[in-house]
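Colleague: A predicted structure for the sequence below; I have some questions about it.
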Amino acid sequence: MPLDGYSSLCEERQPVIVSRDAKGRREHRALNMDACLVTQYRIDGDVIRDASIRCDFLVMNDDRRDAYLIELKGSDIDPALDQLEATAARFQTELREYRVRYRLVCSRVKTQAMHSTKYKKFMKKHKADKAFICKENQIEEMI
């Protein structure tokens, strides 16, 4: 189900949906090999224009009822976790019929950040069924 009032950045059954930061260093590649009905939105600056915290992109697979909240970040991952959760909370009504999945693509992750209490709690809360994935530079996955 598309977000009301907003146009998708991708075609309905697009085979590869790329969410990339402005400089093109970090990206999420969603592979739609089963030609499912998909939508992509730029959350930061398009859907949400106010000063609230939010993630960068939302990719939805309407056939499988999966929603991917995507944050493209440098090395400071604690604020990224807040951005992902704030966006999920803001779109709780629109995403209630979807499995929400969190994707964090960062330029590099400091070891101490991976051992932070916030990161560990987030991992524990979203560990089921690959609900959270954090990788450097690129995530490529079947959606």
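Modeller: Right, received. Where do you want to start?
Colleague: Do you have the helices of the chain handy? List them.
Modeller: With helices called from DSSP state H, the chain shows them at 77-90, 111-114, 117-125.
Colleague: excluding its backbone neighbours, what's nearest residue 123?
Modeller: With C-beta to C-beta, 6 or more residues apart in numbering as the criterion, residue 123 has its nearest non-adjacent residue at 6.3 Å, and that residue is residue 132. Any C-beta I mention is one placed from the backbone N, CA and C, and that applies to glycine too.
Colleague: Nearest to residue 46, out of the helices of the chain?
Modeller: Of all those, helix 77-90 sits nearest to residue 46, with 12.7 Å by C-beta to C-beta.
Colleague: tell me which strands and helices that closest one is in contact with?
Modeller: Where contact means 3 or more C-beta pairs under 8 Å, 6 or more residues apart in numbering; DSSP states H and E, helix 77-90 is packed against strand 66-73, strand 99-106, helix 117-125.
Colleague: Let me know the angle separating the longest one from helix 77-90.
Modeller: For helix 117-125 against helix 77-90, the angle between stretch directions is 50 degrees (axes from the mean of the first three to the mean of the last three C-alpha atoms, to 10 degrees).
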